[in-house]
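**Q** I need the structure of the sequence given here:
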Amino acid sequence: MNKTWLIIQREFLNRVQKKSFLVATILIPLIFPVIMAVLIYVAKVQKENARKPVVHLVDEGNYLNINDTSRFIFKKFNGSIEDAKRAFSESDDFGLLHVPQINVFNPAGVTLYTKVNPGPGEVSDLESKIENKIKDIKMLRFKIDQKILDSLKTSVDIRSVTLSESGQEKASDTKVLFAIGMVGGIMIYIFIFVYGAQIMQGVIEEKMSKIVEVIVSSVRPFQLMTGKIIGLASVGILQFLIWIVLISTLSSLVLGYFGMSAPQMEMMNQANEQMANVPEYDPQLMSIMETVNQIPFTYIIFNFLFFFLGGYLLYGALFAAVGSAVDSPAEAQQFMFPITIPMLISYFALFTFILDDPHGPISVWLSIIPFTSPIAMMGRIGFGVPAWQLALSMVSLIGGFILTTWIAGRIYRVGILMHGTKVNYKVLAKWFMMKG
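**A** Alright, predicted model coming up:
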């Protein structure tokens, strides 16, 4: 155990004291606020200097009496479509909208002429405008009052409440739980990839050093691999925490400089304003506040950290094994894809199965299998996971880490000393089976 601790210290201090670590730790948090500041500034300038695009309108049947919208200025053209095309081609305006003689029950033939390809949002906005006008024409022909149509519209808001075996009721919001699962799963997926690649690169660099030969001769493979992975994991967690603090602080300063506030602060301010304006009791607002108050943030954060660390350690062992077997990152590509397949499966399943049906058989099994559980369990955790499933998933993940570390250690003890060897899966199996 003492040797493992020494290796952890060596790996941690060796990485933290490097200039590259300091540069990455400080530089990356600066990039996001700078990008945010540039985008906000550009958007602000663009908004101040924005000019609504002009659309020439040729309405042959006088169906549409379109007023200017928040997005377009309409300029009606009295003349033929050919004359309108010539006038439009000589102008700097956005487009020419041609509405021929149409059947309101089958409005075909409407055409938009532009000098550049329009965006889908612009076309959709024009379509919506025309559809509303045609709808008004139909209502007049059928002598339907708009007030009658408005009275037919009904909005139903289902209040979701979970009922425990003891009879305790807890308010919940599916949209909030969906967002928690999605963000948690995506973050784990990204960080495992990023920091796993760092472990592999670090092992490849160390393989070129003669110091590792001395370490291998005096430490058992399992101890060496455990110490190396935990040491590098500590570096990654430290860097991650520093990034969170710096990015949050600098982003708040940037938003404050432009007279804005963080989304969380805006939500709190809006909630406070609404509470101040509510004279007695607003059921909808109280329901939202009740839902937020009952979200188990401590429980979710704890599980996020556990599955983030567990997934990182499990895949870190595999990345380290690959790094010890090759001499360059290019040679490692052939071994990377099989390792990342379970992660890709759980990532795509997050959106196709887990978030849509968090308690279905596929979601449950994916959250228990060690190679897919870090992402899958985060997708389910907000919706409430039975205690036995969560415990089984955690135990399986710990066992998976121990297993992958043992396998990686047996490959590492041989591969770290091999140079210039053409490595394939048969060679890896041979190294794994070697005694010593």
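
**Q** these two touch, right, Phe335 and Ser324?
**A** No: at 10.9 Å, Phe335 does not count as touching Ser324 under the criterion of CB atoms under 8 Å. Placement of C-beta: from N, CA and C, glycine included.

**Q** who has more neighbours, those two?
**A** A direct count of neighbours by other CB atoms under 10 Å for Phe335 and Ser324 places Ser324 higher, at 28 against 21.

**Q** show the pLDDT at that one.
**A** As summarised for this prediction, Ser324 has a pLDDT of 79.

**Q** that one and Tyr299: what is the separation?
**A** 38 Å (CB to CB, to the nearest Å).

**Q** against which helices or strands is the host helix or strand of Val42 packed?
**A** Following DSSP states H and E, the helix or strand that holds Val42 is helix 19-48. On a contact count with 3 or more CB pairs under 8 Å, 6 or more residues apart in numbering; DSSP states H and E, helix 19-48 meets helix 221-257.

**Q** tell me the buried residues in the helix it packs on?
**A** Neighbour-count burial for helix 221-257, with 16 or more other CB atoms under 10 Å as criterion, is recorded at 221-237, 239-240, 243, 246-247, 250-251, 254-255.

**Q** can you check stretch 343-359 too?
**A** Across stretch 343-359, burial judged by 16+ other CB under 10 Å covers Met343, Ile345, Ser346, Tyr347, Ala349, Leu350, Phe353, Ile354, Leu355, Pro358.

**Q** pull the contacting residues for Gly181.
**A** By CB atoms under 8 Å, 6 or more residues apart in numbering, Gly181 lies in contact with Leu350, Ile354, Leu355, Pro358, Met378, Gly379, Arg380, Ile381, Gly382, Phe383.

**Q** ok, and the closest non-adjacent residue to it?
**A** Once flanking residues are discounted, Gly181 sits nearest to Gly379: 4.1 Å by CB to CB, 6 or more residues apart in numbering.

**Q** just Thr372 next, same as before
**A** Ser346 (3.8 Å).

**Q** does that neighbour touch Pro370 like I think?
**A** No: taking CB under 8 Å as the definition, Ser346 is not a contact partner of Pro370, at 10.9 Å.

**Q** show me where this protein has strands.
**A** Assigned by DSSP state E, the strands in the chain fall at 54-59, 73-76, 95-99, 111-114, 160-163, 169-172.

**Q** so what's the gap between the longest one and the chain middle?
**A** So the one you mean is strand 54-59. Centre-to-centre, strand 54-59 and its host chain are 41 Å apart (CA atoms, centre = their mean, to the nearest Å).

**Q** each with direction, which strands does it pair with?
**A** Take DSSP bridges as the rule and strand 54-59 pairs in its sheet with strand 73-76 (parallel), strand 95-99 (parallel).

**Q** of those strands, which stretch is the most buried?
**A** Mean neighbours per residue, mean count of other CB atoms under 10 Å, is largest over these for strand 95-99, with a mean of 22.

**Q** just for the stretch 51-200 of the chain, where's the confidence low?
**A** Within the stretch 51-200 of the chain, the set of residues satisfying pLDDT under 70 comprises 63, 152, 155-174.

**Q** give me the most central residue, this protein.
**A** Note on the chain: the residue nearest the mean C-alpha position is Ile186, at 4.7 Å, using CA atoms, centre = their mean.

**Q** returning to that earlier point: can you redo the strands of the chain as TSV with distance to Arg86?
**A** Shown next, in TSV, are the strands of the chain (distance: least, CB to CB, whole Å):
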stretch	distance to Arg86
strand 54-59	11
strand 73-76	15
strand 95-99	10
strand 111-114	11
strand 160-163	60
strand 169-172	61
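
**Q** how about residues contacting stretch 231-242?
**A** Stretch 231-242 is contacted by residues 7-12, 15-16, 21, 24-25, 29, 191, 195, 198-199, 202, 309, 312-313, 316 when judged by CB under 8 Å, 6+ apart.

**Q** swap that for stretch 392-412, please
**A** Here stretch 392-412 has contacts from 203, 220-222, 224-226, 229, 306-307, 310-311, 313-315, 317-318, 320-321, 324-325, 367-371, 373-374, 377, 428, 431-432, 434, using CB under 8 Å, 6+ apart.

**Q** contact partners for Ala24?
**A** Counting by CB under 8 Å, 6+ apart, Ala24 touches Gln239.

**Q** please repeat the previous calculation with a cut-off of 10 Å.
**A** The contact partners of Ala24, taken as CB atoms under 10 Å, 6 or more residues apart in numbering, are Lys18, Gln198, Gln239, Trp243.
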